[in-house]
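*Asks:* Let me see the structure of the following:
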Amino acid sequence: MLDLIILSLLYFICFLISVAIWRGPKDVDLPSSSTGGDETEPDGLVFIGKEEDIKKSQRITAKVDGREIVVFYHKGKFHALDSRCYHEGGPLCRGEIEDIDGQACIVCPWHKFKITLETGEGLYEGINPLEPSPTPKWQSKGVKQRIHKITIDNGNVYVSPPDLSVSFDSDYYADKYKSGGELAMGK
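*Replies:* The predicted model follows:
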């Protein structure tokens, strides 16, 4: 009988731990925390932050016209894209950057989708079954993630507002997460 009680208690503790992991931290301020954003300059650019600060943190999230974006500094270059993955809205600000076939890619932490920082292309590893001994090769799904133009002026980093006349798959989640609250900024 005691064994049954101990076993039940262990299952209950495991259940609580899995719920805690599933829910995740809610109010964690990452080193890549957000800026105020939405500080529009006369030429239409939106101030994101100081160049040196972003270089130190390697990434930062901000709002541009109410839209969440993430700015990465990787191997001497700045890249800006919608902060929510085109697939199911995963927080790209929490993803790891990997080199895939010579291209820097952000890997979505939710489902491991790979997106090039330079172009916003979604990549997948596929094979050609018609080859005698098919080997996996990285291929493009096309441009899925909206990227944003970066301007650096006097040590300040700016992003141009998005051209919404062209649509991308990531627009759906960018709009969905505009409202704020728990859905916003990687939470």
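*Asks:* Report the residue spans of the chain with pLDDT below the cut-off.
*Replies:* Along the chain, the model assigns pLDDT under 70 to residues 7, 14-16, 18-42, 179-187.
*Asks:* can you pull out the strands in it?
*Replies:* Per DSSP state E, the chain carries strands over the ranges 39-40, 46-50, 59-64, 67-74, 77-82, 96-100, 103-107, 114-116, 121-126, 137-143, 147-148, 150-153, 156-159.
*Asks:* Enumerate the positions of the second one that are buried.
*Replies:* Just to be clear, that refers to strand 46-50. For strand 46-50, a neighbour-count test (16 or more other C-beta atoms under 10 Å) marks 46-49 as buried. The C-beta positions use only the backbone N, C-alpha and C, and glycine is treated the same way.
*Asks:* Also stretch 111-131?
*Replies:* 113-117, 119-123.
*Asks:* Just flag the most distant two among those.
*Replies:* Across the buried residues of stretch 111-131, no pair lies farther apart than Phe113 and Thr119, at 14.6 Å, counting by C-beta to C-beta.
*Asks:* hang on, the earlier thing: could the buried residues of strand 46-50 go into CSV alongside distance to Lys149?
*Replies:* Listed next are the buried residues of strand 46-50 as CSV, based on distance: C-beta to C-beta, whole Å:
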residue, distance to Lys149
Val46, 11
Phe47, 14
Ile48, 12
Gly49, 16
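*Asks:* Show me the one of the strands of the chain that comes nearest Val166.
*Replies:* strand 137-143 (9.5 Å).
*Asks:* from the buried residues of stretch 111-131, which is closest to Gln145?
*Replies:* Of all the buried residues of stretch 111-131, Gln145 sits closest to Gly120, with 3.8 Å by C-beta to C-beta.
*Asks:* Who are the contact partners of the residue nearest to that closest one when sequence neighbours are not counted?
*Replies:* Among residues not flanking Gly120 along the chain, Gln145 sits closest, at 3.8 Å (C-beta to C-beta, 6 or more residues apart in numbering). The contact partners of Gln145, by C-beta atoms under 8 Å, 6 or more residues apart in numbering, come to 81-82, 85-86, 92, 115, 120-122, 168-170.
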